[in-house]
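Dropping a prediction and its sequence here:
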Amino acid sequence: KVFVKGHYSNPDCRVDYGKIAKDGNPVGGIKLSHGMCDMDRQRMIKPEGMQFSTILVISFHPLFITSVDRAFHIKCMYKEIARTVSSGLEVSILPTQAIEYDFPMPVCTYTIRKDEIDGPVLKYAHVGDQIVHRWECQSDVYGLLVHSCFVEDGQGEKELIIDDKGSVSIHFLSLNSYEGMKASRKGFF
């Protein structure tokens, strides 16, 4: 069994690997939503970001804790900037092992393309040309949401075209099209 320390009696906070899931397959892992099972949430200054932590116990005996059981203090850090995440752990009776991994921040690009998402990159356009805005990130870990985009006229005037929720704020642009870690939007220059 795998369970959150102190929450064995809550079925949402434990997984019994000796049982089969409803779909007939073996149970594949434990999933905890943020704040579930007294998960600790902490705003961090160094490194900047939000940290969620909990203690998971892996128990090999169906009724009680034994000396072969293990406890892990799991800390998940959602970074605001790229910095190394580490943890120092100490748990009462069961020994713990530190688990750390630093997910690299994704490399993202923005290009303006001619006519289609894979069209040639444009440096100049004429009024009436169809263009495609393309945002792309190289990452297997992070997601992509394009938001808070403005267009400037070169004279200091700015117009919001995509708001802070990723919604179109002016009528002449189409909706964002998302495909994996790529987003695009068609418009006319």
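The structure has been received and is ready for your questions. Residues are numbered from 1 along each chain as shown.

and the gap between the residue positioned nearest the centre of the chain and residue 79?
The centroid of the chain falls nearest to residue 142 when counting by CA atoms, centre = their mean (4.7 Å). Going from residue 142 to residue 79 by CB to CB, to the nearest Å gives 10 Å. In short, each C-beta sits where N, CA and C put it, glycine included.

what touches both of the two?
Common neighbours of residue 142 and residue 79 (criterion: CB atoms under 8 Å, 6 or more residues apart in numbering): residue 103.

Start and end of stretch 135-142, how far apart?
Terminal residues of stretch 135-142 are spaced 14 Å apart (CA to CA, to the nearest Å).

Show me what counts as buried in it.
Of the residues in stretch 135-142, 135, 136, 137 count as buried by neighbour count, 16 or more other CB atoms under 10 Å.

Out of these, which is nearest to residue 66?
Closest approach between those and residue 66, by CB to CB: residue 137, at 45.5 Å.

Could you list which residues are in contact with the closest one?
Contacts for residue 137 (CB under 8 Å, 6+ apart) come out as 106, 107, 108, 109, 144, 181.

Now tabulate these in a markdown table and tack on neighbour count and distance to residue 155.
Compiled in a markdown table, the contacts of residue 137 are given as follows (neighbours: other CB atoms under 10 Å; distance: CB to CB, whole Å):
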| residue | neighbour count | distance to residue 155 |
| --- | --- | --- |
| 106 | 16 | 34 |
| 107 | 9 | 33 |
| 108 | 13 | 29 |
| 109 | 9 | 27 |
| 144 | 18 | 31 |
| 181 | 16 | 35 |
